[in-house]
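# This is a predicted model, with the sequence first.
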Amino acid sequence: MMRFVLCAVALAACGGDSKTPDASSSHDGAAATVQMVSCPATPAATVTTSGFMYSPQMVTINQGQVVKFMPAVDHNVAPGHNPTDSTIADPGLNVTFGATTCLMFTQTGMYGFHCVPHGFNGTVIVN
Ligand SMILES: [Cu+2]
């Protein structure tokens, strides 16, 4: 009887075929290192928009810290600078128009992002 129960549990654990959202399925095939997380009470930095720019346009944080993005309804956040430069265009660096989204940066580097309809840029430096 115990043996049967253990097998049933194992099957249940392995039987799920639900597809986990995977950033590696993005267009360039790169796995996202920037991850969406629940907003902490005190994020390391907050990026909003002011007119046609991010405010602030550049923030510096430490590895593993979280940036809270709050673009206005007519602006969004997409990976990389426009035009493309040497900043990291991480596929996880995405925020919908007007959405409040917290992103954790788990790797050091200089991450670029931009607003798609307007082309202005922002940068997160992760030390
Ligand atoms: Cu915009």
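Ah, there it is. Residues are numbered from 1 along each chain as shown.
# switch to C-alpha atoms for all contacts and neighbour counts from now on
Fine.
# State which one residue of this structure is found closest to the ion.
Proximity to the ion, evaluated over the chain using Cα to the ion, is greatest for His75 at 3.6 Å.
# three-state assignment of the closest residue to that residue other than its chain neighbours?
Once flanking residues are discounted, His75 sits nearest to Phe97: 5.2 Å by Cα to Cα, 6 or more residues apart in numbering. What DSSP: H, G, I helix; E, B strand; the rest coil gives for Phe97 is coil.
# what do you get for Gln35?
strand.
# My guess is it contacts Met104. True?
Yes - using Cα atoms under 8 Å, Gln35 makes contact with Met104 at a distance of 5.2 Å.
# pLDDT score for Met58?
Met58 is assigned 98 on the pLDDT scale.
# who's it bridged to?
Beta bridges link Met58 to Thr123, judged by DSSP bridges.
# how close does the residue nearest to His75 get to Cys39?
Distance, Phe97 to Cys39, using Cα to Cα, to the nearest Å: 17 Å.
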